[in-house]
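**Q** turn this into a structure:
(one chain, ligands or ions: 1)
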Amino acid sequence: MEYDEAAADRLEATYLGKDVIAQRADTLARLAIQPGEHVLDIGSGPGFLAEEMARQTGPDGRVTGVDLSPIMVARALARASCGWLDFLQADATSLPLPDAAFDVVVSTQVAEYVPDIPAMCAEIARVLKPGGRGLVMATDWGGLVWHSSDPARMDRVMKAFEPHCADPHLPRTLGPELRAAGLAVPGISYFPIVNTGIGDGSYSRGSIDFVAGYVKDGGAIPAAEVQAWRDDLHALDERGEYFFSNGRFSFAIAKP
Ligand SMILES: C[S@@+](CC[C@H](N)C(=O)[O-])C[C@H]1O[C@@H](n2cnc3c(N)ncnc32)[C@H](O)[C@@H]1O
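**A** Coordinates of the predicted model:
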């Protein structure tokens, strides 16, 4: 998944909506960042989570965000509001960062896009200090519930969407992968998203455009069928019959 300016705009709009704001609050509560801590955000994207974590570490701490996308890094740097928050372009599987440098490592909605999960987990374990902690959050698209007037068409569209990430079912295997890298997994939690409408900053509003663009551009589904899928969701919304649910699994991690 590569980001151009339009895709970055779309992601930012979704990530400033109420559902992803609530998800960030859940992540922050689980991390319980303390003043003075050194924090790494892998796949920091637009930098919204990193920015909030920097407020929590304060100037005695440090937050570093890394992301593969130069567009995301440029946007996060332009937005960064304090001197102890920095962003750099790097791959999650090969971090240009020293061993045992961070008290906390977090990565939300990134690992499912990384083809080499053992390498990413090894990097997380390498850069965490002994006694350090963190969280890796990922979606399992098998948890999707999305009402449609044509369920067979919904299934075709979502099947065609699966290759948008490296592993649409990563949470099923992520625990053993993290443990194989030498990390403990003290808990796994689930953050649900439920939308009964597509207005007002709902997560699935952005998903409709993202899914439609991906499956249409990939040629897997004819453009007319994609448009019909999309029109149906908007028609359901207008009739008050819209229903979408998906969620994210958060794996707490600790380095012994
Ligand atoms: C869905 S966004 C999530 C952004 C951010 N973590 C958040 O939750 O707000 C996924 C991000 O992961 C980045 N990404 C994907 N593969 C990556 C990799 N191998 N290394 C670093 N970043 C990666 C993308 O460029 C994108 O910014």
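**Q** next, the residue lying closest to residue 234 once chain neighbours are set aside: secondary structure please.
**A** In this structure, residue 234 finds its nearest non-sequential neighbour in residue 198, 7.2 Å apart by C-beta to C-beta, 6 or more residues apart in numbering. Just so you know, the C-beta spots here come from the backbone N, C-alpha and C atoms, and that holds for glycine as well. In three-state terms, and counting by DSSP: H, G, I helix; E, B strand; the rest coil, residue 198 is coil.
**Q** check contacts around residue 198.
**A** By C-beta atoms under 8 Å, 6 or more residues apart in numbering, the residues touching residue 198 are 204-205, 208, 233-234, 237, 242, 244.
**Q** then residue 235?
**A** By C-beta under 8 Å, 6+ apart, the residues touching residue 235 are residue 149.
**Q** can you list the buried residues in the helix or strand hosting it?
**A** Per DSSP states H and E, residue 235 falls inside helix 223-238. Of the residues in helix 223-238, those with enough neighbours to count as buried (16 or more other C-beta atoms under 10 Å) are 225-226, 229-230, 232-233, 236-237.
**Q** swap in stretch 53-67?
**A** Within stretch 53-67, the residues that qualify as buried are 53-54, 56-57, 61-67, counting by 16+ other C-beta under 10 Å.
**Q** what's the answer for stretch 129-145, then?
**A** The neighbour-count check on stretch 129-145 (16+ other C-beta under 10 Å) flags 129, 132-141, 143-144 as buried.
**Q** narrow these to those in strands?
**A** 129, 132-139 (DSSP state E).
**Q** what's the closest of those to the ligand?
**A** Within these, proximity to the ligand (C-beta to the nearest ligand atom) peaks at residue 137, which comes in at 7.5 Å.
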